[in-house]
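**Q** Generate coordinates for the sequence data below:
(chains A and B)
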Amino acid sequence: MSPPRSPAPPPLARTALQLREAATAARRRGRPDADANPLRQGLRLERVPDPCAFVLFGATGDLAHRKVLPAIYQLWRTNLLPAEFSLVAVARRPYTDAAFAVEVHASLEKYSRVQPIDEGAWTEFAQRISYQQLDFADDVGFDRLGVKLDELDQERGTAGNRLFYLATQPSQVTEIVRQLGRVGLDHEMRGAGWRRLIVEKPFGRDLESARLLNHEVNKVFRESQVYRIDHYLGKETVRNLLVFRFGNGIFEPVWNRSYVDHVQITVAESIGVEGRGAFYEETGASRDILQNHLLQLMTLVAMEPPSSFQADALRDQKLQVLRAIAAPDLDHIRRDVVRGQYGPGWIQAEPQPGYRQEPEVDPESETETFVAGRFTIDDWRWSGIPFYLRAGKRLPKRATEIAIQFKDVPLRLFRETSGDPAPNVLAMRIQPDEGIMLRFAAKVPGLGLDVRTVNMDFAYDTSFVVDSPDAYETLILDALLGDASLFTRADEVEAAWSVVTPIINAWADMNAPSFPNYAAGSWGPEAADELMERDGRRWRKI
Amino acid sequence: MAQDLTPPRPVAHSVPEIEGQLGKLWARAAVARVEAAKAEAALIEAQAQAAARAAAALDAARATSDAGGHHVAARTSVLNLVVVAGEAAAAERCAVTIAGTAGRHASRSLILSVVGPQGPPGLEARIEGLSLTTPDGRAETGAETIRVAAHGETGQHLASIIVPLLVHDLPVALWWPGDPPFGSHRADRLLPIADRLIVDGSAWSGDGLDLLAQLATAAGARRLVVVDWALLRQARWREALASVYDLPDLRPHLRAVRRIEVEYAAAQPGDPAGQTNVIRPLYHVAWLASRLGMTVVAPLRREEDGRRLATLGQRDHAVEVILRPVVSDLGAGSTVRVEIFSRLRGTELVGKVAAGDRSVEVSICENGAERVRRSYVAPRLTDVDLLGLAIEEGAPDPVADHALAMAGRLLGVDSASRKGADSHKGRSE
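**A** Numbers count the residues shown, from 1 in each chain, chains lettered A, B, ... in the order given. So this is what the prediction gives:
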C-alpha cells in the first residue's frame, strides 16, 4: 500500500503575472497547494453542484420542454442536484406555478428518456419549480425577477448562485443579457454566489454578427461566466473521442499526416425542417451544422494534446486548429465546397416532399440543405491532409460519424492471391449506435491466402448496457459545476465563423446551383461525390 | 432488461461439462436470434411497409447464419465476477443481487457455494445465459451466471474450479460476502486470482475490527484493490464533509483540526458488549485522516463507557478521535453524525454532518454562530447499487486505498508490511 499521495501540484504559471501571483500566494500561505480542498480529491464523479437557482428563459418553448426540462428532472432524479435547488421558469405567457408544473409533467411524460416518471422524485422536483411571467423588454419584470431570486436565497437556501439559461430566440439574447446587467444579476461578489449564463446556438449568423453578440454579452458577463452550448459536445461519443485520443497511447503515433490519408466527418439527418421552415430559411446547413457541429468535431480530431483537461487548456488547442484551417478563397470555394437542396424523394419507403414544398419555405428558396467541403489544416500535424466534411437533411439515414482513413500499405504483398484489402479505417459513430470501429485486413481461413477486410466493432450498447446521459444532462451539470470544457468560447466561435463566413458571402455573390439538386433519400448532390472522386476517394457508405 | 436464455435445468458435474454447456447455450441463442430475425424480416416483407427494415433484418440474419450458428454473444469488455458465497442460501441471495445488476452485469459470474463438507467430493453446476438489453430493447449482449455447488473435499479446492472457467484476459473481481477467512488455505488460494476484492465491512460479525485489520494487511501485502461497500456507502457523506471546506476562507481550518467525533448507532447505550460493527464510523475518521495528512499517535482503544478513542497528529498538534455509540433508530453501526472541530487563530469552527431521512444535513458553526446549513440528497444504496458500483469501478481508487491503509494504522497495523495476512498482532484493544 503506497503512502498517502501528496496533494496535486498547482497549475503551472503561464505568464509572468501568474508566476508573481503564485510566488506571492505561496509565501503568504506557506504551502503552494493551500487553495485546494484535499477532501475533494477522488470525489469528482460524485460532486453535487452548489445550491443554486436555475433561471430558464423561454421556459414555455419547444427546446425547454423537449430537452432542458427533461435533463434537469433527470439530474434531480439521479440525485445530482443539491437539495437547495430551485427552478425559476421565465416566459411571456401567463401561468401559475402549479399550472406550469402540470405542463412540465406532461412534457416529461413525452420526452423524458426514462419512463415512467418517478412520481416520488417528481413531487420533490415540482416543489422547486416556480414560474415568472416576464416580457423581456419589461424593466419592472426584471426588477421583480431580481427580488424573487433574493427571496429564494432566503427561503430555499440557493445562496446567491444563479444560472441563467437562455432557451429563447437568438434575437432575444442581447435584450435579456442587457436586462440582467441592468438589475445587477450578473454581479459576482466575494461570498455572494456565482452567476453563469448559458447561451444556445446560433452564436450569430456570420463573423460580424458573432462579434457583435459576443461584445454585447461580454459587456455584461465576463467570458468565464458565459457557457455557449453546442449539444453535440455533450454526447458520450464526442467526449469519448477525447478519452480515445488522449487516454490511449497506441493511436497518437499514427494520428498525423504520415499515416492518415484523409478524414471524413458526416452529419446526416433523415428528417427535413420539421416545422421550422422559417428558421431554416434564415440559416441553412452551413450556419446550422457546418459552423458549429462539423467544425467542432473537426477540432477534436485534429487538436494537439492539451496540457490538462482544464477548460481553457482544451479550448486553446481547439482554437489553434480553427485558426489553422486554410482560409477559403473564391477559387477554393468554387472547387471544394458544394451546396445542395433536396427535392421530393423517398426515405424508408415513405414519400417525402422537397424542401421548397415544406411549410414556411419560399417556393423559390435558394437555402442550402446540404453542404460538403474539403478543408485543410495548415500545421505540422495535418499539412496536406484533407478533411472532408458533409452535412445534410433528408439523407437516407440519420448518422453522424468521424472516419479516419489511413494510408495504404507501402507494398501490396497479397495482390496475386486476392483483391486488394481496403485501407485501414478508424470510424467513430456519434449517433446512432454510438461506438468505434476499426477496419483491417485478415486472412480468410483455408489453404489459400485470401485476404478479406473485417471490422472490429466496439458498440457502446453492447459493452455498457447502462444508459448514457443525454447531452443536455451532461452539459447542464457541467455548467452548474463551473466546468466549461465542453462549451464554446467566444474566440472559438469567431474563428469558426472566419472559416464559414467567406463561403456564405461567396455563395451570396454567385448564382446558386439549379436547386433542388438532390432527391430526398439520396446522399446529396452529385457534385459532392465528384468532390471526392476528383481526389481519387469516395464518401464512406454509412 | 435481462432475459434468461437457458433451456430447463442444464446441469454439469465437471469443469469440461460446464464449458460444453456454455458453448451449446450460446449456439442455441445465436440460432434463436437468426430465427427471430428471419421471422421479423418475413413479417415486415409481408406487410410491405418498410422495405429498408426488412432488408436490414435479412442482412442481419444472413450475417449470423454465415457465422455457422456458433457465434457466442459476449460483452466486449468488463470482467469476471467470482462470488464465494459459502452456503447455498447465501449463494441464492448473491445470485438475486447479480441478476439485479442487469446492464452492469459482469460478462461471467461464478457463484460458488460449499455443500456437505464432510460428504463425498464432487460438484454440481447450473449455467444460466442472460440476454441483456438496453431499456429501449435495441441492443443485446450476453452474460452468463454459473452456480457451482462444491461437495466434500472439492469445496477445499475452489480455485481449481474457478481458474479454467474465467473468461480469458478479463479482470477478476472476487466478491466475498460475509466474513472473509483471511489467512486460511482457501483465502490464500483465491486472493491471488483476484484483481479486485469486494467485501462489505459493515456486515462483518462483532465490531469488525479484527477483519478490517487483516484486510488492510492483505491489501498492503498483496497489492490487492479492495472495494468495501462500507466505504462506498459513505460517498455522499464524504461529499457533504468536503463541501464544508469549499468556502475558501474556511479551508485553512483543514490544517488546524483538533477533534474528529463520530456518533454511530448502537442498540444499547454505550454498546456495553462492544459488539456493534464500527467499520463505517472508523472509515470516516480514516478517510479524513488520510486526506489531511495526519499520522497515528495512539491507535484506537475502547473505553469503559463504550467510546473508542485514538489520537492523531497533524503538523505540530494532536487531533482527538472519538467514536461514540448512541442509541438511534438507524441500523446498528450506521453513522449518525460526524463532527470536525478546528481552531485557527482564535476562531473555532465546527463542521457537522448528520444523517437525515433521505439526506445528510451539513452545518457549519463559527465561534458558536451558525454560518451555513444545507442538505444533500443521500438515498441509501441497495446491494444491487453497491455491486454495480463495485464491478464498474475501472481502476484502483487511491482515496479508498489510503483510507483503508489509515484504518489499518488506526488499528495498529502497518498495512505496507509484506508479512502476510497472518501477521496482525498489533491491535491495542
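
**Q** So which residues of the stretch 201-350 of chain B form strands?
**A** In order along the chain, the stretch 201-350 of chain B carries the following strands (DSSP state E, counting those that start in this stretch): B:225-228, B:257-266, B:295-302, B:308-314, B:317-327, B:335-344, B:347-355.

**Q** so what's the closest residue to B:Ala289 other than its chain neighbours up against?
**A** With CB to CB, 6 or more residues apart in numbering or on different chains as the measure, B:Met406 is the residue that lies nearest to B:Ala289, at 5.0 Å, once sequence neighbours are left out. Any C-beta I mention is one placed from the backbone N, CA and C, and that applies to glycine too. By CB atoms under 8 Å, 6 or more residues apart in numbering or on different chains, B:Met406 lies in contact with A:4, B:286-287, B:289-290, B:294, B:296.

**Q** Among the residues you listed, pick out the one closest to A:Gln320, please.
**A** Of all the contacts of B:Met406, the one with the least separation from A:Gln320 (CB to CB) is A:Pro4, at 37.9 Å.

**Q** domain assignment for chain B?
**A** Domains of chain B are assigned by automatic domain parsing as B:2-15+B:74-232, B:235-377.

**Q** Any idea which of these has the lowest pLDDT on average?
**A** Here the lowest mean pLDDT among the domains of chain B goes to domain B:2-15+B:74-232, at a mean of 82.

**Q** how much space is there between B:Ala400 and chain A?
**A** When CB to the nearest CB, to the nearest Å is the yardstick, B:Ala400 and chain A sit 8 Å from each other.

**Q** Helix or strand: which one has that residue?
**A** Assignment of secondary structure by DSSP states H and E places B:Ala400 within helix B:398-410.

**Q** same deal with A:His332?
**A** Element membership for A:His332, per DSSP H and E: helix A:330-336.

**Q** Of all the strands of the stretch 201-350 of chain B, which one comes closest to A:Ala484?
**A** Sorting the strands of the stretch 201-350 of chain B by CB to CB, the top spot, which is the nearest, belongs to strand B:347-355 at 29.3 Å.

**Q** is it true that B:Thr347 touches B:Asn367?
**A** Yes. With contact taken as CB atoms under 8 Å, B:Thr347 and B:Asn367 are classed as touching, separated by 6.2 Å.

**Q** quick one, which of those two is more surrounded?
**A** More neighbours sit around B:Thr347 than around the other of B:Thr347 and B:Asn367, counting by other CB atoms under 10 Å in any protein chain shown; the figures are 14 against 10.

**Q** With distance to B:Val11 added, can I get the strands of the stretch 201-350 of chain B in JSON lines?
**A** Below are the strands of the stretch 201-350 of chain B laid out as JSON lines (distance: least, CB to CB, whole Å):
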{"stretch": "strand B:225-228", "distance to B:Val11": "32"}
{"stretch": "strand B:257-266", "distance to B:Val11": "45"}
{"stretch": "strand B:295-302", "distance to B:Val11": "49"}
{"stretch": "strand B:308-314", "distance to B:Val11": "50"}
{"stretch": "strand B:317-327", "distance to B:Val11": "49"}
{"stretch": "strand B:335-344", "distance to B:Val11": "45"}
{"stretch": "strand B:347-355", "distance to B:Val11": "47"}
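
**Q** quick one: which of those is nearest A:Ser130?
**A** Nearest to A:Ser130 among the strands of the stretch 201-350 of chain B is strand B:347-355; the distance by CB to CB comes to 28.7 Å.

**Q** Could you confirm whether the closest one reaches chain A?
**A** No. Between strand B:347-355 and chain A, judged by CB under 8 Å from any CB of the partner chain, nothing touches; the nearest distance is 10.1 Å.

**Q** Out of the domains of chain B, which is closest to A:Gln320?
**A** A:Gln320 lies closest to domain B:235-377 among the domains of chain B, at 32.8 Å (CB to CB).

**Q** Quick check: the closest residue to chain B within the stretch 151-300 of chain A vs A:Glu200, distance?
**A** Of all residues in the stretch 151-300 of chain A, A:Gly157 sits closest to chain B, at 5.9 Å by CB to the nearest CB. Using CB to CB, to the nearest Å, A:Gly157 is found at 29 Å from A:Glu200.

**Q** likewise A:Leu411?
**A** Between A:Leu411 and A:Glu200 the distance is 52 Å, computed by CB to CB.

**Q** B:Ala88 too?
**A** When distance is defined by CB to CB, B:Ala88 is 58 Å away from A:Glu200.
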